[in-house]
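Q: need a structure here:
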Amino acid sequence: MAQGRGSASVGVVVGAVLLCLLLHSEVARAAIYTVGDRAGWTFNTVSWPRGKRLRAGDVLVFKYNPSVHNVVAVDGRSYSSCGTPRGAKIYKSGNDRITLARGTNYFICNFPGHCQSGMKVAVTAA
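A: Predicted coordinates:
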């Protein structure tokens, strides 16, 4: 039986469907976590990740009052010193969704004194 243009089109459609299924399965595996659980993003969240199995691609939701807090994605040095490096991403919505990268992800509140009072969290994603 001769194959023409129709068989190539079917192959493209099948490939596209398989790609969509693969991408959907990756998204379906991502978990969503609210930082601080019911209390939300507040003071003393340093130990919040303890006992959680977080993975790259999981989503952290930071819920807080944006008039008194924010979320800043920082590096390890800035996390330790409670500093905000130039160019750091600052979230201010009060309902921020941040996708975890592989490795340790660091977040602080940079309102004066907040990070120093424990409003920071380091999350390691496998």
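Q: where's Tyr64 relative to Gly76, distance?
A: Separation of Tyr64 from Gly76 (Cβ to Cβ, to the nearest Å) stands at 23 Å. Glycine gets a C-beta too; all of them are placed from N, C-alpha and C.
Q: what do you get for Thr42?
A: Distance from Thr42 to Gly76, by Cβ to Cβ: 22 Å.
Q: more neighbours: which of Tyr64 and Gly76?
A: Counted by other Cβ atoms under 10 Å, Tyr64 and Gly76 do not tie: Tyr64 has more neighbours, with 23 against 11.
Q: so that one makes contact with Gly94?
A: Yes - here Tyr64 reaches Gly94: they are 5.5 Å apart, a contact under Cβ atoms under 8 Å.
Q: quick one, helices of this protein?
A: 5-29, 76-81 (DSSP state H).
Q: weakest of those by average pLDDT?
A: The weakest mean pLDDT among the helices of the chain belongs to helix 5-29, with a mean of 58.
Q: output the lowest mean pLDDT helix or strand found in the protein.
A: One helix or strand of the chain scores below all others by mean pLDDT, DSSP states H and E: helix 5-29, with a mean of 58.
Q: what's the closest non-adjacent residue to Asn44?
A: Gly118 (4.7 Å; Cβ to Cβ, 6 or more residues apart in numbering).
Q: list phi and psi for Thr84.
A: phi -110, psi 110 (degrees, to the nearest 10).
Q: tally of neighbours for it?
A: 15.
Q: any idea how far it lies from Gly94?
A: Thr84 is 19 Å from Gly94, by Cβ to Cβ.
Q: again, but for Arg86
A: Counting by Cβ to Cβ - Arg86 and Gly94 are separated by 24 Å.
Q: compare the two (neighbour count), which wins?
A: Gly94 (17 against 4).
Q: contact partners for that one?
A: By Cβ atoms under 8 Å, 6 or more residues apart in numbering, the contact list for Gly94 reads 63-66, 69.
Q: next: Arg77.
A: Counted by Cβ under 8 Å, 6+ apart, Arg77 has contacts Gly83.
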